[in-house]
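[1] everything below, folded, please.
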Amino acid sequence: MSEVPTNPMLKRILIAIAGVTILGAVLLYLLATYPAGEYRVADELRARKFGIYYDRQDYHIWKHLVAVGGRDRSITEDDCRLLCQLPHLQSLGFERCDFSESNEIRKLAACPIRFFAFVNASLNDSDLADFAKWTKLERLHIYGNAGITDAVFEYLEKIASLRDLCIAGTSVTQDGVREFQKKRPDVKVFFE
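    This next block holds a predicted model:
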């Protein structure tokens, strides 16, 4: 076999072209996956005094907003519109907040929310009527809402993914909890 002579300069040029191509592909990938819209929404929520929390997984190139919290405020339709724009949102926590001027809480069912806490607010049974549509909801904490009664179990038993329910400080009765537990023994209920 005879060896074909190669020009060392040609080798360097081909290596440089391959390197630039790889670098270009990496930069294109980074630009394509940059969550600019998500960061813009996070800035807007932060300006509205919401607490925002990002995932802590080191293997992600970009950090995604996964949790939002608020305290002592009214939640507006525009706030809910912003929350619906967060594709990685998993957790919502509101304390002493009011959704009464907003019908948009129903739209949050489209988000992949796994944990929802609405504490010491003005929730009543009918506010939770659409929660059966929250297909990923695993943990629901609605303690301190006196407007929640045994009637809420009609809605909560339909949430197939629900595993953890905290209803202390509501108007729910021990009998109502027992009936719910018969239908949904897979749900851990914190009542008192």
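[2] pLDDT below threshold where in this structure?
    Low-confidence segments of the chain, defined by pLDDT under 70: 1-6, 32-35, 56-62, 99-106.
[3] spell out the residue ranges of the strands in it.
    Secondary structure of the chain (DSSP state E): strands at 51-54, 65-71, 91-95, 115-119, 139-141, 164-166, 188-190.
[4] put together JSON lines for those, with mean neighbour count on each row.
    Heads up, the C-betas are built off the backbone N, CA and C, glycines and all. As requested, the strands of the chain are exported to JSON lines (neighbours: other C-beta atoms under 10 Å):
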{"stretch": "strand 51-54", "mean neighbour count": "15"}
{"stretch": "strand 65-71", "mean neighbour count": "19"}
{"stretch": "strand 91-95", "mean neighbour count": "18"}
{"stretch": "strand 115-119", "mean neighbour count": "20"}
{"stretch": "strand 139-141", "mean neighbour count": "19"}
{"stretch": "strand 164-166", "mean neighbour count": "19"}
{"stretch": "strand 188-190", "mean neighbour count": "14"}
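[5] in TSV: those, plus distance to residue 28.
    Output for those, formatted as TSV (distance: least, C-beta to C-beta, whole Å):
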stretch	distance to residue 28
strand 51-54	24
strand 65-71	24
strand 91-95	32
strand 115-119	35
strand 139-141	39
strand 164-166	42
strand 188-190	47
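[6] so which of those strands comes closest to residue 44?
    For the strands of the chain, proximity to residue 44 was assessed by C-beta to C-beta; strand 51-54 is nearest, at 10.0 Å.
[7] what lines up beside the closest one in the sheet?
    strand 65-71 (antiparallel) (DSSP bridges).
[8] hey, C-alpha coordinates of the strand it pairs with in PDB?
    Output of strand 65-71 as PDB, limited to C-alpha atoms (Å, rounded to 0.1, in the frame of the first residue of the first chain):
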ATOM      1  CA  LEU A  65     -38.700  29.000  37.100                       C
ATOM      2  CA  VAL A  66     -40.500  26.200  38.900                       C
ATOM      3  CA  ALA A  67     -42.100  27.900  41.900                       C
ATOM      4  CA  VAL A  68     -44.000  31.200  42.500                       C
ATOM      5  CA  GLY A  69     -45.200  32.500  45.800                       C
ATOM      6  CA  GLY A  70     -47.100  35.500  47.000                       C
ATOM      7  CA  ARG A  71     -48.400  37.000  50.300                       C
END
